[in-house]
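# here is a sequence with its predicted model. Questions after.
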Number of protein chains: 4
Amino acid sequence: MSQSNTHPRGFASDNYAGVHPDVLAKMAEVNVGHVVSYGDDPYTAETVERFRALLGEQVEVFFVFNGTGANVTALQSLLRPWQNVICSQNSHINWDECGAPERFLGSKLWDVPTPDGKLTPTMIRDAYIGRGDVHHVQPKVVSITQSTELGTLYSIDEVKAIADTTHELDMHLHMDGARISNAAVSLGVEIRETTADAGVDVLSFGGTKNGLMGGEAVVYFRPELAENTPFIRKQGMQLSSKMRFISVQFLALFENDLWRHNAAHANAMAQRLHEAVVGIPGVTITQKVQANGVFAVLPQQAIAKLQEAYPFYAWDEARSEVRWMCSWDTTEDDIDAFARLVAEVVPASL
Amino acid sequence: MSQSNTHPRGFASDNYAGVHPDVLAKMAEVNVGHVVSYGDDPYTAETVERFRALLGEQVEVFFVFNGTGANVTALQSLLRPWQNVICSQNSHINWDECGAPERFLGSKLWDVPTPDGKLTPTMIRDAYIGRGDVHHVQPKVVSITQSTELGTLYSIDEVKAIADTTHELDMHLHMDGARISNAAVSLGVEIRETTADAGVDVLSFGGTKNGLMGGEAVVYFRPELAENTPFIRKQGMQLSSKMRFISVQFLALFENDLWRHNAAHANAMAQRLHEAVVGIPGVTITQKVQANGVFAVLPQQAIAKLQEAYPFYAWDEARSEVRWMCSWDTTEDDIDAFARLVAEVVPASL
Amino acid sequence: MSQSNTHPRGFASDNYAGVHPDVLAKMAEVNVGHVVSYGDDPYTAETVERFRALLGEQVEVFFVFNGTGANVTALQSLLRPWQNVICSQNSHINWDECGAPERFLGSKLWDVPTPDGKLTPTMIRDAYIGRGDVHHVQPKVVSITQSTELGTLYSIDEVKAIADTTHELDMHLHMDGARISNAAVSLGVEIRETTADAGVDVLSFGGTKNGLMGGEAVVYFRPELAENTPFIRKQGMQLSSKMRFISVQFLALFENDLWRHNAAHANAMAQRLHEAVVGIPGVTITQKVQANGVFAVLPQQAIAKLQEAYPFYAWDEARSEVRWMCSWDTTEDDIDAFARLVAEVVPASL
Amino acid sequence: MSQSNTHPRGFASDNYAGVHPDVLAKMAEVNVGHVVSYGDDPYTAETVERFRALLGEQVEVFFVFNGTGANVTALQSLLRPWQNVICSQNSHINWDECGAPERFLGSKLWDVPTPDGKLTPTMIRDAYIGRGDVHHVQPKVVSITQSTELGTLYSIDEVKAIADTTHELDMHLHMDGARISNAAVSLGVEIRETTADAGVDVLSFGGTKNGLMGGEAVVYFRPELAENTPFIRKQGMQLSSKMRFISVQFLALFENDLWRHNAAHANAMAQRLHEAVVGIPGVTITQKVQANGVFAVLPQQAIAKLQEAYPFYAWDEARSEVRWMCSWDTTEDDIDAFARLVAEVVPASL
């Protein structure tokens, strides 16, 4: 039995996948000789230049280990402990980071319920409370996720409207772009169009979910906001000594548009899955399928049965809602086989 | 010109080196299919078993990204914010982590000057101040480094004496083992003899400086101390999603005794360097050469001249003391060429 | 003009009031000679005994400076940073403490919208999310406020039901009792009946809003939870050196049932105000009047007009809802004069 | 037996003393009617004006509860978590605040051994390490204590030299003035001469040890440094609701030069004690007596014997060094009686 059979692909998470071969090859390629540690090496410098070519000559880039590290590093550079972050209740920073933002920032997250994972200017204005009142945490940062935890997208105009509101209220706009490539590809735009050009101040640029081994980048579109980031990253335990092996993963991602291909593929697989299951009796799709995830409500017994064959997560157990994530290595056969099983199992559970 | 010539090996740090080929090969080998993320994968489980075989069946192991992350995660599981850590002034936690321990632990480091980087039972007793007095931080953890930041070693008896004192005073003993392999090899013992068997409670087991790409392990010899570590690691931004690529680096390190060979080689290179330069007029060796580093005082002009040819760091500029580190990939030719240059440059600077 | 006229009583807050004369007299009475500082004095010991007589022989009592200090000290003894506090969105800890809990605890507050300021067992169960999941903060404390920020009360049965749910889920129950005396008096019970006897684990026992100069007490009904509190209080900047002058304020409060008289009076004034305004056209009472506050929606222009004569706060400007607080020194004349003005101004603004 | 006999005056601490009657009278005087809480009252405004008259028209003043609160509030406004505070090892912030600075600031205190409690420009330069190096905490604040914990004084020229060095190195100068009145009186100068005029940026202005009930002030000589202090104070649990009762204590202190009389008296009593005991065989005075404390080494048995009659603290048990503190209410008879006992007990213990 091949190892591939031992570890079959499911729909649990885009981080169950391995590393794209081009990424691994690039890491091996730079494994020669000694270079300065902690990021002062030529490979990291070259990668930063690639980011600048992609996102703007002025951007400042800091590589970190993981998504939580990226978000916390970004936020820490934008606020002080008595200031808060306005975010969606189901944002990763609020729901899935074990309180790392509160712990490290010392700040309150002011979370807002959002049916589709998306903040709006109205929600932001409603959450903008107590500026100047010492008893209330001071609104200072808006954080949005692109694409969202629910697989939905902000249009460019939606991001712009949020950026305008945020800046009008003298706040900064952070974007958690753990899946920014999926978003840009789905919108049919370059990444800078949905980030820098739309008014985002700081971006957590995700790599791990798009075929890297492990690496994220904090990208500052307003470089003056990065003034303290070298110290924030180090104190935040996010500074890698053999940095070249993180930075060059992004180099591989930018060569031959790998970022675009990987993301487009994952998105396409989600679309294929969506189309294959949307008409099956007993399957209710709960969110627009705009990136690489499909959310659906199924009969409870069907969920258990499907999970015996394919790993995936219940998203909201109370509603028997599930999340199916596609990744860069999901195949059409994977989708088709799974969809056949859904078609078999779900109607039979009604 | 080959890349190897572009990035010649110097003596700046053991983290200027790349990754041992066996480690990279193992990472490529596990890059197949999907596995559960965040450490619930079979490769990580296998690696933990290897740790248990090496260090004791009861040990609990948590992989993290870097040395600061390992130390802070370990310490956080041992104390509360009103308790302190007794450590050497030149320990990595006190000197080189940009205040990460204070920031994340909220605790004071009670640092003690040590001429050779080594704490003693007497120093610990002198620093054990104010237990029960609410005005004073409460002594709770002793942290020692093996081998030390100054390239020196604790003998097994010295570790045991410290452990006895520490435990007698109702404190925990943490060992920063960023170079634990170099220490064990130099002492001619197994790692468990200078850790678990000597009374260490929690070990930061270093990998990155011994040929890994990036990965450290927090090892609990008393598993009850690890009760909260899963949450500490996650909240501390040290939980990797594609964990297999960190854990299997250690798997490679344990296969064919790679950890031992790498460390023994680095140590031998330091000895070779020591022997080659100790008699050179103008070179004063300042610390015992017991691991993979050589510390020396040189004439100031000689330092600048040598640094033009080989990267290395001034350790204490006021004293014109330098640090020369050897790594798993330092060659005898590297040493010999450098020693020749020292012999040429230093006496001429007197 | 007398100073009393310079500082007329309004309805802004029960902390606009001064100190009850008996409290000031007691403070003067103990201003003799030297006593041990930081709480090891006989007056503080005597006060603790009074607390024990009132609330149970086993209770541990720690005096602190203010309400935020009491709440944070209490919570800090109940959780670790990766654990959370389930509370009402409009609780004082969530809304009015400038993020002090997040900053000092490093923990997330998991706030729940509550129309009347009161949590229910169902809300608590819904907020009890992710126990054992490292990605999610761990539910550990439920915090309720008695009487609430909205002037409402938990019945004893309601507190008991919350305590049962809380303990069943292996959590601790904290009560913010900034107005605990008002609550007990309104319920017609002893304080211990709505705290210790109803299952509360730790109480922030308020004094300042009930006629003290400044002083709150953290009361542990389960003394084992207080093990670390001496250090938490000191590190939390809440340990007074000349402690006798805080503790004896409570002594005065307990003598001659002053706590009961002050609270009963403030409650009665709120009732009197309620009765006087409830029928006025244009005045809509928005919350049950169960303690010493009255909440009402008024025409916007009326609010401004009334505030010219009497200080009080808009509670929710968007709804033009106001809060009128009564205190230990509010007089029947104050109420009657204000109610007359409301009757004059509000209907005219319609 | 009078209460005064029940609580005899000893030499343990200047915070064992009670409140000066003028202070208590002033507190009673303002206990009329309602005023705005949290410091927006006319009494607090008047007190701030008195501070400005004394220390400079531009100063910003924030009242807090205690000395730890003052120091932490002041420091928090001067640095970020990756920056450090250079201070004496035996400074109150380093030794006696249970780690409150590290906990709240998230910063490292870089403490320096000082035989007499006094930093020097050379010590500061030696401790100014690693500016710009991300691995090292960044030097940002120098904190000195006037008078020191060892009863010694900085001359005005010494403060100026420290201020010059501090500012030259782009750092801020904080002064812990828990006993600033004792210092100014002993130097024979106005408080502003040893603070603002000497280059201090922020002062913790102590009141409690000089006859207040409980109250300290954070005074900013450069008002731009106070920009965030309203939020820092609130989030730091140091904002009093019935603020008038803290601020007017200082009003009383400034009326009729009470601050000067109290401090001068305490200093004179320390001088009287010093003169009375300095020649007694077996008594070795260990520090200059420049404020209100006397430090001496005595035979161990004598210490125990003296403590039976008068409370005071062993300062350094290893050296059998004691601290005798005088306060605003110490009498000449107290001194003379104690000195007689010393003369009786100590020589007999030799």
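Good, I have the coordinates. Numbers count the residues shown, from 1 in each chain, chains lettered A, B, ... in the order given.

# just the element for residue A:337, please.
helix A:332-349 (DSSP states H and E).

# show me what counts as buried in that helix.
A:334, A:335, A:338, A:339, A:341, A:342, A:343, A:345, A:346 (16 or more other CB atoms under 10 Å in any protein chain shown). C-beta: built from backbone N, CA, C; applies to glycine.

# same question, stretch A:270-284
Buried residues in stretch A:270-284, defined by neighbour count with 16+ other CB under 10 Å: A:270, A:271, A:272, A:273, A:274, A:276, A:277, A:280, A:282, A:283.

# gap between the lengthiest helix in chain A and the chain center?
Scanning chain A for the helix with the most residues, using DSSP state H, yields helix A:258-277. Here helix A:258-277 is found 16 Å from its chain centre; the criterion is CA atoms, centre = their mean, to the nearest Å.

# ok, now stretch A:276-295?
With CA atoms, centre = their mean as the basis, the mean position of stretch A:276-295 lies at 20 Å from the chain mean.

# mind listing what the nearest residue to residue A:312 once chain neighbours are set aside touches?
Nearest residue to residue A:312 in three dimensions, chain neighbours excluded: residue A:11, at 4.2 Å (CB to CB, 6 or more residues apart in numbering or on different chains). Contacts for residue A:11 (CB atoms under 8 Å, 6 or more residues apart in numbering or on different chains) come out as A:273, A:310, A:311, A:312, A:323, A:324, A:325, A:326, A:330, A:338.

# and residue A:13, by the same measure?
By CB under 8 Å, 6+ apart, the contact set of residue A:13 is A:313, A:325, A:327, B:37, B:241.

# how about 6 Å then?
A:325, B:37 (CB atoms under 6 Å, 6 or more residues apart in numbering or on different chains).

# separation between residue A:197 and chain C?
From residue A:197 over to chain C the distance is 33 Å, taken as CB to the nearest CB, to the nearest Å.

# and that residue, how many neighbours does it have?
For residue A:197, the neighbour count with other CB atoms under 10 Å in any protein chain shown is 18.

# do the same with the one 10 residues further on
As a burial measure, residue A:207 scores 27 neighbours (other CB under 10 Å).

# show me which residues of the stretch 201-350 of chain A are close to chain C?
By CB under 6 Å from any CB of the partner chain, no part of the stretch 201-350 of chain A sits against chain C.

# the helices in the stretch 201-350 of chain A, which residues?
A:229-235, A:244-254, A:258-277, A:300-309, A:332-349 (DSSP state H, counting those that start in this stretch).

# adding mean pLDDT and distance to residue A:89, write the ones you listed out as JSON lines.
Shown next, in JSON lines, are the helices of the stretch 201-350 of chain A (pLDDT from 0 to 100; distance: least, CB to CB, whole Å):
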{"stretch": "helix A:229-235", "mean pLDDT": "98", "distance to residue A:89": "26"}
{"stretch": "helix A:244-254", "mean pLDDT": "98", "distance to residue A:89": "31"}
{"stretch": "helix A:258-277", "mean pLDDT": "98", "distance to residue A:89": "23"}
{"stretch": "helix A:300-309", "mean pLDDT": "95", "distance to residue A:89": "23"}
{"stretch": "helix A:332-349", "mean pLDDT": "96", "distance to residue A:89": "29"}
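
# what is the nearest of the buried residues of helix A:332-349 to residue D:173?
residue A:334 (65.4 Å; CB to CB).

# which residues touch that closest one?
residue A:9.

# what sits up against stretch A:119-137?
Contacts for stretch A:119-137 (CB under 6 Å, 6+ apart): A:84, A:86, A:88, A:108, A:110, A:112, A:139, A:142, A:144, A:161, A:165, A:169, C:96, C:98-99, D:230-231, D:234.

# now, those residues that are in strands?
Within the contacts of stretch A:119-137, residues falling in strands by DSSP state E are A:84, A:86, A:88, A:110, A:112, A:139, A:142, A:144.

# circling back to that earlier point, which of the contacts of residue A:11 tops the neighbour count?
Of these, with other CB under 10 Å as the count, residue A:326 tops at 30 neighbours.

# how about the buried residues of stretch A:270-284, which pair is most distant?
A:271 and A:282 (20.7 Å).

# what separates stretch A:312-332 from the chain centre, distance-wise?
16 Å.

# low-confidence regions, the stretch 151-300 of chain A specifically.
For the stretch 151-300 of chain A, no stretch has pLDDT under 70.

# residues from it in reach of chain B?
So the stretch 151-300 of chain A meets chain B at A:208, A:213, A:214, A:231, A:234, A:235, A:237, A:240, A:241, A:242, A:245 (CB under 6 Å from any CB).

# make it 7 Å
A:208, A:213-214, A:231, A:234-238, A:240-242, A:245 (CB under 7 Å from any CB of the partner chain).

# quick one: the closest residue to residue A:306 other than its chain neighbours and residue A:332, what's the gap?
Distances taken as CB to CB, 6+ apart put residue A:345 closest to residue A:306, at 5.7 Å, once the chain neighbours are dropped. Per CB to CB, to the nearest Å, residue A:345 is found 20 Å from residue A:332.

# could I get stretch A:133-153 in PDB with only the CA atoms?
Extracted in PDB, the C-alpha atoms of stretch A:133-153 (Å, rounded to 0.1, in the frame of the first residue of the first chain):
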ATOM      1  CA  ASP A 133     -14.100  57.900  27.300                       C
ATOM      2  CA  VAL A 134     -11.500  56.400  29.700                       C
ATOM      3  CA  HIS A 135     -13.900  53.800  30.900                       C
ATOM      4  CA  HIS A 136     -14.300  52.200  27.500                       C
ATOM      5  CA  VAL A 137     -11.600  50.500  25.400                       C
ATOM      6  CA  GLN A 138     -10.700  52.800  22.500                       C
ATOM      7  CA  PRO A 139     -11.600  51.700  19.000                       C
ATOM      8  CA  LYS A 140      -8.400  51.600  16.900                       C
ATOM      9  CA  VAL A 141      -8.300  48.700  14.500                       C
ATOM     10  CA  VAL A 142     -10.800  47.000  12.200                       C
ATOM     11  CA  SER A 143      -9.800  43.500  11.200                       C
ATOM     12  CA  ILE A 144     -11.500  41.700   8.300                       C
ATOM     13  CA  THR A 145     -10.700  38.300   6.800                       C
ATOM     14  CA  GLN A 146     -10.400  37.800   3.000                       C
ATOM     15  CA  SER A 147     -11.700  35.200   2.100                       C
ATOM     16  CA  THR A 148     -13.700  34.800   5.300                       C
ATOM     17  CA  GLU A 149     -13.800  31.800   7.700                       C
ATOM     18  CA  LEU A 150     -17.100  31.000   6.000                       C
ATOM     19  CA  GLY A 151     -15.700  30.800   2.500                       C
ATOM     20  CA  THR A 152     -17.300  34.100   1.400                       C
ATOM     21  CA  LEU A 153     -15.600  37.100  -0.200                       C
END
